[in-house]
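Novice: need the 3D shape of this:
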Amino acid sequence: MTDQNAQQAAPKTNEGADLVAEVRDFIATRKLLNLASLTEDGQPHASTAPFLAADGNFYLYISELSEHCANLMAHNKASVIFNADEADTKQAFARLRVTFNVVANTIGRGEDLWQQRIGQLREKFGPVMDHLKDLEDFHLFELQPSAGRYVKGFGQAYALEGLEKQVALHLTDGHREKNDAA
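Specialist: Got it, this is the predicted structure:
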């Protein structure tokens, strides 16, 4: 069964709102996200960037000198992952993680939202933003999350519909034991 079919077949949990709040709380403890973007010729590229989570979206303030900035300008679809620290992970196969597909849009310097998010980035990352905000090669990207996955451990995987919808579907299909009778 494909992931998409598994998500469609999975029953909605009664704890959807609690799980989405748990995901938000976990993301709030992170300073960096891992980003999978596409190069201009469609090749995958993995990177890491400081981020801000606000109003159900993620914000990156990144330089044109970085490959991921050029990638987001060329292709607005990407994926992000937030991982628990390895030091806090007892079982590597069941590491706590959250992934989302995202659509990236650039927020222009003249927009009120640009000023607001730069102020919030300064609150989160400190005075370094006073210098970075004036560098013209830096761009503010808004990443709008859609389909996602929250993995808390073995047998605890949930499909998410962004950060704003109070929906989490428990994924119960997928693991199969080897059949020795064959």
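
Novice: helix or strand: which one has I27?
Specialist: Using DSSP states H and E, I27 sits in helix 16-28.

Novice: what's downstream of that helix, the next helix or strand?
Specialist: Immediately after helix 16-28, counting by DSSP H and E, sits strand 32-38.

Novice: may I see the buried residues of the helix or strand that that following strand is followed by?
Specialist: Downstream of strand 32-38, the first helix or strand assigned by DSSP H and E is strand 44-50. For strand 44-50, burial by neighbour count (16 or more other Cβ atoms under 10 Å) applies to 47, 49-50. C-beta here means a position set from N, CA and C on the backbone, and glycine is covered the same way.

Novice: C-alpha coordinates for strand 44-50, PDB please?
Specialist: Provided in PDB are the C-alpha atoms of strand 44-50 (Å, rounded to 0.1, in the frame of the first residue of the first chain):
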ATOM      1  CA  PRO A  44      18.000  17.200  -4.900                       C
ATOM      2  CA  HIS A  45      19.900  19.300  -2.500                       C
ATOM      3  CA  ALA A  46      20.000  18.900   1.300                       C
ATOM      4  CA  SER A  47      20.800  21.800   3.600                       C
ATOM      5  CA  THR A  48      20.200  23.300   7.000                       C
ATOM      6  CA  ALA A  49      19.000  26.800   7.900                       C
ATOM      7  CA  PRO A  50      17.800  28.900  10.900                       C
END
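
Novice: contacting residues around it?
Specialist: With contacts defined as Cβ atoms under 8 Å, 6 or more residues apart in numbering, strand 44-50 is touched by 31-39, 60-62, 66-68, 71, 121, 124-125.

Novice: do the same with stretch 98-113
Specialist: 23, 26-27, 58-59, 72-73, 76-82, 114, 117, 139-151, 160, 162-163.

Novice: picking that back up, adding pLDDT and distance to Q156, write the buried residues of strand 44-50 out as CSV.
Specialist: As requested, these are exported to CSV (pLDDT from 0 to 100; distance: Cβ to Cβ, whole Å):
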residue, pLDDT, distance to Q156
S47, 97, 28
A49, 96, 28
P50, 97, 28
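
Novice: list the contacts of L38.
Specialist: With Cβ under 8 Å, 6+ apart, L38 has these contacts: 44-45, 71, 74-75, 77-78.
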